[in-house]
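Asks: all I have is the shape, not the residue letters:
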Ligand SMILES: CC[C@@H](C(=O)O)C(=O)SCCNC(=O)CCNC(=O)[C@H](O)C(C)(C)COP(=O)(O)OP(=O)(O)OC[C@H]1O[C@@H](n2cnc3c(N)ncnc32)[C@H](O)[C@@H]1OP(=O)(O)O
Ligand SMILES: [Co+2]
């Protein structure tokens, strides 16, 4: 596997609206997408476009949200994951698994409509890593 482009940085927040004030009003972001719910992933999502990447604001959705423990430990929110593009998610999962990294579950459709996987932070130097199949079929 070869790591591809940084697609987004995931930022967990108890309130997308409050976080938007930071990115829009303090940092001057101008391209902010409509927020939407992603029930299978247990999150509400809002993308902030940057010239070279995106910030993905994620708020817990539902009782089983994967963000509950993180926000219990970090009540104000914080950087949650980084997402890199790969050309083939199944090949990436097989390769990472073969190298001993713990893949968290099966590939599932992410916020960009292509399959994603997560790799446990314990195997990634303390960073939760999301790998996302490139929407362009490349990386
Ligand atoms: C919007 C959809 C999608 C996209 O398309 O972009 C997304 O990005 S969804 C994002 C949310 N989804 C996920 O995070 C799914 C994968 N996550 C998980 O499976 C779990 O959250 C987890 C990473 C396995 C953690 O599970 P949890 O039950 O919360 O366990 P603990 O709290 O006990 O944590 C264990 C251990 O790991 C450390 N940890 C947890 N989260 C992170 C993190 N985000 N970054 C770095 N480290 C993290 C935690 O501190 C614990 O460490 P120790 O205390 O030292 O054991
Ligand atoms: Co993400």
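Replies: Perfect, I can see it now. Since the structure is predicted, the reported quantities are computational estimates derived from the model, not experimental observations. Ligands and ions are numbered 1, 2, ... in the order given.
Asks: going by C-alpha atoms from here, please, whenever you check contacts or count neighbours.
Replies: OK.
Asks: in its sheet, what does the helix or strand harbouring residue 58 sit against?
Replies: Applying DSSP states H and E as the criterion places residue 58 in strand 54-60. Partners of strand 54-60 in the sheet, by DSSP bridges, are strand 6-12 (parallel), strand 43-49 (antiparallel).
Asks: can you add mean pLDDT, distance to ligand 1 and mean neighbour count and give those back as JSON lines?
Replies: Below are the strands paired with strand 54-60 laid out as JSON lines (pLDDT from 0 to 100; distance: least, C-alpha to the nearest ligand atom, whole Å; neighbours: other C-alpha atoms under 10 Å):
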{"stretch": "strand 6-12", "mean pLDDT": "98", "distance to ligand 1": "6", "mean neighbour count": "21"}
{"stretch": "strand 43-49", "mean pLDDT": "98", "distance to ligand 1": "6", "mean neighbour count": "21"}
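Asks: quick one: which of those strands is nearest residue 128?
Replies: Smallest distance to residue 128 across those (C-alpha to C-alpha): 9.5 Å, for strand 6-12.
Asks: now do that closest one: everything it contacts.
Replies: By C-alpha atoms under 8 Å, 6 or more residues apart in numbering, the residues outside strand 6-12 that reach it are 53-59, 67, 71, 77-85.
Asks: of these, buried ones?
Replies: Among those, those classed as buried by 16 or more other C-alpha atoms under 10 Å are 54-59, 67, 71, 77, 79-85.
Asks: greatest separation within the residues you listed: which pair is it?
Replies: Farthest pair in these, by C-alpha to C-alpha: 71 and 85, 26.0 Å.
Asks: neighbours around the closest residue to ligand 1 within the chain, how many?
Replies: Among the residues of the chain, residue 110 lies closest to ligand 1, at 3.2 Å counting by C-alpha to the nearest ligand atom. When neighbours are defined as other C-alpha atoms under 10 Å, residue 110 has 16 of them.
Asks: my read is that it contacts residue 116, right?
Replies: Yes. Here residue 110 reaches residue 116: they are 5.7 Å apart, a contact under C-alpha atoms under 8 Å.
Asks: shared neighbours of those two, anything?
Replies: By C-alpha under 8 Å, 6+ apart, the residues touching both residue 110 and residue 116 are residue 132.
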